[in-house]
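> Let me see the structure of the following:
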Amino acid sequence: MNASRQQDITWTVEYEQSLKTILRRTLRPWQIFSIVISGTIGIGFIQNTSYALRVAGPGGAFLAVALVGVVVISVMECICEMLSVWPIPNAMVEFVSAFVDEELAIVIGVSYWIMQMLMYSALVTSAVSLCGYWHLSTSWRAVLHVTVPLVLIAINFRPAHIFGMFNVLVGLTKSGFLVVLFILMILRNNGWGDGNSIGSHFFNEGIEHDPEAADGRFAAVCIAISMSAFSYLGLETVMTTAFEVRQPRDLQFTLKNTPLLVWIIYAVLTLLFTLNVPWNDPELPRYSNQGLGGLIQDRGVNSTSPSLVAPIVALRRADLNVDVLNAFFVFTALSAANVALYSASRTLFGLARSTTLLSFTQSLPANRNWLQKIHKQFEIALGTVGKRTSVPWRAVLLSAVMFCWLPFVGLKRTNSTFEFQQTLLNLGSVNGIVIWGSQCLAYIRYRYYLQKHQERLIDFYSQFLPSRRTNYFTYFQPALAYLGLLSCLLVVVGFNSASLWNGKEIGLKFAGAYISPIVGSVLWIVLKACRGKRLTLQFQLSSWNDFRKQLHRLTDLVYPTDYPTSAESKEPPDTHNKVRGARIDDMILTRPNLRTIPHRSTSGDDQGPPGDFVRVANGHLHELPYDLHPCSTQMSHTDMSFDTGTQEKMSLDETPPLSTVSEVLVQDFTRKELKRPHSDIAVERVEMDSDPSVLRKPSADI
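So this is what the prediction gives:
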């Protein structure tokens with residue numbers, strides 16, 4: 001056996017041992033949906049809509065929310081299509097790595113982690129700020145800044161299925177709150193409270209501009225658009241839940257329906273707010289003259305009256321008690337902060353175990369091997385999970401404490417501390433828009449190469465063809481991807497600069513608007529320099545073989561199932577030197593723990609499947625037709641051999657049924673079938689029998 005194959009065996013054994021620390025796959029569709037909704041529909045939308053109303057008037061605020069919603073649907077459509085094909089962990093990084101550039105993918109992963117940490121800190125700060133409605137003292141605010149993060153950390157330490165059920169309850173509560181808010185706004189517009197019907201009087205004022213924030217209406221709308229973009233951050237959280245989804249197809253409902261649903265909710269609520277609140281009401285939050293909108297409200301150093309969000313202002317004008325409504329807003333902010341911490345921890349965990357980061361460190365020159373040692377320690381420290389909970393508790397803890405000091409900065413209410421807070425929060429907001437653009441770019445390149453190699457895909461890779469999609473807006477691709485990419489660039493470069501146009505506080509506003517793209521660009525250049533590469537996008541997939549390798553690499557990252565997968569599982573089983581396989585929808589799937597070694601097709605025709613792949617078990621290489629790979633559900637006319645001490649070859653002159661394939665796979669093996677509780681997926685666990693001459697037939701349902 002040559003050295004390269006021996007190395008593959010060693011790599012596989014090490015990976016098998018690492019599976020004892022893998023995340024449990026227990027999240028169900030409604031839990032994923034609740035997590036995404038809880039992380040998206042939060043107080044950020046309420047506050048930023050109030051900012052936009054003050055800056056651009058009712059017409060400008062509604063226009064901004066509607067336009068940004070179209071952009072977000074375009075972005076999420078790109079993510080939806082790629083994630084439907086490859087429901088993989090760390091998808092945000094892997095898609096960019098596969099189709100754009102490895103170094104850029106690392107920058108995107110780090111940027112998203114920073115964004116989620118900043119959102120977590122901002123939402124905690126915002127919740128405490130809303131408590132200022134009850135005139136809390138500085139001491140009580142400090143106590144809340146300590147106790148609230150501790151409670152959120154404790155929730156995130158719970159197993160994924162408990163965290164998911166908690167968010168289901170939160171989602172139901174939020175849904176009820178939104179229904180009540182709809183009803184209250186409609187009743188208030190019709191005169192409930194003071195008996196004065198408002199109608200469309202306030203909305204008829206159209207697009208206006210606040211002279212303190214913008215010099216004209218166009219600049220005001222640009223500022224409102226940049227602030228409204230922050231309200232939609234969180235929809236991409238569905239990509240982080242792929243780590244723990246019970247079955248890959250469970251992502252479909254959330255991917256297809258959530259963006260459109262959120263857009264409708266935001267548009268209707270914004271319309272109701274603008275109908276009930278005058279744009280120049282003095283109780284609305286003052287615009288901070290920054291680039292993108294944030295969550296920190298401020299009335300000035302010498303002001304004693306708290307700034308209020310639009311729905312509270314609407315009810316206060318009717319002399320109605322809004323204590324319960326404000327408490328709901330606090331609850332909304334805390335629930336969104338809880339999901340932000342979850343997303344940050346899974347992103348950090350994914351970076352620690354990322355194949356992209358591993359490939360980067362292994363390709364470094366010899367004089368930079370110290371970076372490999374750092375990466376190894378990084379993976380050991382943050383790429384592991386708790387034995388009983390399967391939660392990456394170290395990643396949770398680090399994500400929570402990284403910016404834990406940020407809320408305390410605002411305890412001393414001065415202009416300088418407020419501006420510092422707002423600048424950091426704007427950095428996270430811009431990160432989110434840049435990340436959206438990166439996913440659109442990855443999809444554009446993916447779609448381009450699909451079109452370029454369409455003839456070869458038809459024969460053996462038809463599942464990758466766009467015609468196989470079932471999403472709502474597939475027929476508008478790739479136009480939607482270009483719209484999303486150009487819109488993200490326009491928001492970051494163009495609309496984000498609108499606050500600079502009045503010539504006031506240029507330095508502060510420039511830092512808040514552009515420090516994130518500048519830092520990201522510098523990091524990308526440094527990563528390129530470490531590998532001694534030119535400052536260009538790395539992957540050129542014009543070659544069919546190069547593109548095919550990326551398709552196979554992403555497919556190999558799909559985790560169809562993992563041990564343990566149910567809440568009832570207490571201890572992960574011993575998977576050392578075990579071959580494991582799974583069958584979903586009558587299709588045999590490979591596993592990341594089974595090392596895949598592609599070979600050239602035996603026919604020598606590059607247009608066909610890439611040939612055989614190898615399973616490694618008990619120190620033996622088992623060559624199987626590559627057509628058992630998820631890229632195809634049928635066997636090819638190729639030879640298959642098993643190395644179990646003696647060579648035994650079988651020629652397949654015709655395509656056998658899947659049951660025959662299963663019998664071939666278990667020749668000279670003993671099969672044990674494990675049924676997961678509450679699951680329809682049969683997980684096969686195959687072990688070498690002590691007597692290789694014994695052949696046990698697989699069960700009839702396999």
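> what residues go with each domain of this protein?
For the chain, automatic domain parsing gives the domain ranges 23-529, 562-688.
> if we compare the ones you listed, which one ends up closest to residue 548?
Proximity to residue 548 (C-beta to C-beta) singles out domain 562-688 among these, at 6.5 Å. For the C-beta atoms, the positions are set from N, CA and C on the backbone; glycine is no exception.
> What average pLDDT does that closest one get?
Domain 562-688 carries an average pLDDT of 35.
> Repeat that for stretch 142-158.
Mean predicted confidence for stretch 142-158 is 91.
> number of nearby residues for residue 402?
By other C-beta atoms under 10 Å, 17 other residues sit near residue 402.
> Could you do residue 172 as well?
Neighbour tally, residue 172, other C-beta under 10 Å: 11.
> The helix or strand harbouring residue 440: what's the following helix or strand?
Per DSSP states H and E: residue 440 is located in helix 415-452. Later in the chain than helix 415-452, the nearest helix or strand by DSSP H and E is helix 454-460.
> Output that next one as CSV, nothing but the C-alphas.
C-alpha atoms of helix 454-460 as CSV (Å, rounded to 0.1, in the frame of the first residue of the first chain):
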residue,chain,number,x,y,z
GLN,A,454,-24.5,22.2,-18.9
GLU,A,455,-24.0,19.5,-21.5
ARG,A,456,-21.8,17.4,-19.2
LEU,A,457,-24.1,17.9,-16.3
ILE,A,458,-27.0,16.4,-18.1
ASP,A,459,-25.5,12.9,-18.2
PHE,A,460,-24.3,12.4,-14.7
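> just checking, what packs against that helix?
Applying 3 or more C-beta pairs under 8 Å, 6 or more residues apart in numbering; DSSP states H and E, we find helix 454-460 packed against no helix or strand.
> Beyond it, next helix or strand please.
With DSSP H and E, the next secondary element past helix 454-460 is helix 479-489.
> Show me what that following helix is packed against.
Using 3+ C-beta pairs under 8 Å, 6+ apart: helix 479-489 touches helix 43-85, helix 415-452.
> Which positions within it qualify as buried?
For helix 479-489, burial by neighbour count (16 or more other C-beta atoms under 10 Å) applies to 480-481, 483-485, 487-488.
> swap in stretch 429-443?
429-443.
> Lowest average pLDDT across the domains of the chain?
Sorting these by mean pLDDT places domain 562-688 lowest, at a mean of 35.
> And the strands in the stretch 1-150 of the chain, which stretches?
Here the stretch 1-150 of the chain has no strands by DSSP state E, counting those that start in this stretch.
> And the helices in the stretch 451-600 of the chain, which stretches?
454-460, 479-489, 506-531, 544-556 (DSSP state H, counting those that start in this stretch).
> JSON lines please, covering these and showing distance to residue 237.
Below are the helices of the stretch 451-600 of the chain laid out as JSON lines (distance: least, C-beta to C-beta, whole Å):
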{"stretch": "helix 454-460", "distance to residue 237": "31"}
{"stretch": "helix 479-489", "distance to residue 237": "17"}
{"stretch": "helix 506-531", "distance to residue 237": "19"}
{"stretch": "helix 544-556", "distance to residue 237": "21"}
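> which of those sits most buried?
helix 479-489 (a mean of 20; mean count of other C-beta atoms under 10 Å).
> what residues does it touch?
70-71, 73-75, 77-78, 433-434, 436-437, 440-441, 443-444, 447, 473 (C-beta atoms under 8 Å, 6 or more residues apart in numbering).
> at 10 Å what do you get?
Helix 479-489 is contacted from outside by 67-68, 70-79, 81, 225, 229, 432-448, 473-474, 476, 478, 494-495, using C-beta atoms under 10 Å, 6 or more residues apart in numbering.
> Leaving out sequence neighbours, find the closest residue to residue 337.
residue 123 (3.6 Å; C-beta to C-beta, 6 or more residues apart in numbering).
> give the contact list for that neighbour.
Counting by C-beta under 10 Å, 6+ apart, residue 123 touches 39, 42-44, 148, 152, 295, 332-341, 407.
> switch to 7 Å and redo it
Residues near residue 123 by C-beta atoms under 7 Å, 6 or more residues apart in numbering: 42-43, 295, 333, 336-337, 340.
> What is the nearest of the residues you listed to residue 312?
Looking across the contacts of residue 123 and measuring by C-beta to C-beta, the closest to residue 312 is residue 43, at 11.5 Å.
> on that earlier part again, out of the contacts of residue 123, which is most surrounded?
So for these (other C-beta under 10 Å), the most neighbours sit at residue 336, 31 neighbours.
> Does it touch residue 39 like I think?
Yes: counting by C-beta atoms under 7 Å, residue 336 does reach residue 39; the two are 5.7 Å apart.
> hey, where'd the helices end up in the stretch 301-450 of the chain?
Using DSSP H, counting those that start in this stretch, helices in the stretch 301-450 of the chain cover 310-316, 323-352, 355-362, 369-382, 393-401, 406-409, 415-452.
> Nearest to residue 181 among those helices would be which one?
Counting by C-beta to C-beta, and looking across all of these, nearest comes helix 310-316 at 6.4 Å.
> What is that closest one packed up against?
In this structure, helix 310-316 makes packing contacts with helix 43-85, helix 160-189, helix 252-276, helix 323-352, judged by 3 or more C-beta pairs under 7 Å, 6 or more residues apart in numbering; DSSP states H and E.
> wait, which of these is closest to residue 206?
helix 43-85 (3.9 Å).
> Just want the angle from that closest one to helix 544-556.
Orientation of helix 43-85 against helix 544-556 (axes from the mean of the first three to the mean of the last three C-alpha atoms, to 10 degrees) gives an angle of 120 degrees.
> What is helix 43-85 packed up against?
In terms of contacts (3+ C-beta pairs under 7 Å, 6+ apart), helix 43-85 is packed against helix 102-130, helix 217-231, helix 252-276, helix 310-316, helix 323-352, helix 415-452, helix 479-489.
> As JSON lines, those with distance to residue 193 would be great.
Output for those, formatted as JSON lines (distance: least, C-beta to C-beta, whole Å):
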{"stretch": "helix 102-130", "distance to residue 193": "22"}
{"stretch": "helix 217-231", "distance to residue 193": "27"}
{"stretch": "helix 252-276", "distance to residue 193": "11"}
{"stretch": "helix 310-316", "distance to residue 193": "7"}
{"stretch": "helix 323-352", "distance to residue 193": "13"}
{"stretch": "helix 415-452", "distance to residue 193": "33"}
{"stretch": "helix 479-489", "distance to residue 193": "40"}
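> Of all those, which one is nearest residue 177?
The closest of these to residue 177 is helix 323-352. By C-beta to C-beta, the value is 4.9 Å.
> Buried residues, that closest one. List them.
Neighbour count says helix 323-352 has 325-326, 328-352 buried, by 16+ other C-beta under 10 Å.
> Could you tell me the angle between that helix and helix 43-85?
40 degrees.
> got the angle between helix 323-352 and helix 369-382?
Going by the same axes, to 10 degrees, helix 323-352 makes 140 degrees with helix 369-382.
> Against residue 389, how distant is residue 145?
26 Å (C-beta to C-beta, to the nearest Å).
> Those two - which one has more neighbours?
Each of residue 145 and residue 389 has its neighbours counted (other C-beta under 10 Å); residue 145 has more, 21 against 15.
> Now the more buried one: closest residue in space that isn't a chain neighbour?
residue 407 is the one closest to residue 145 (C-beta to C-beta, 6+ apart), at 4.5 Å.
> Tell me which residues touch that neighbour, please.
121, 124-125, 128, 145.
> still on that earlier bit, can you add distance to residue 286 and give the helices and strands packed on helix 479-489 back as JSON lines?
Formatted as JSON lines, the helices and strands packed on helix 479-489 follow (distance: least, C-beta to C-beta, whole Å):
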{"stretch": "helix 43-85", "distance to residue 286": "7"}
{"stretch": "helix 415-452", "distance to residue 286": "10"}
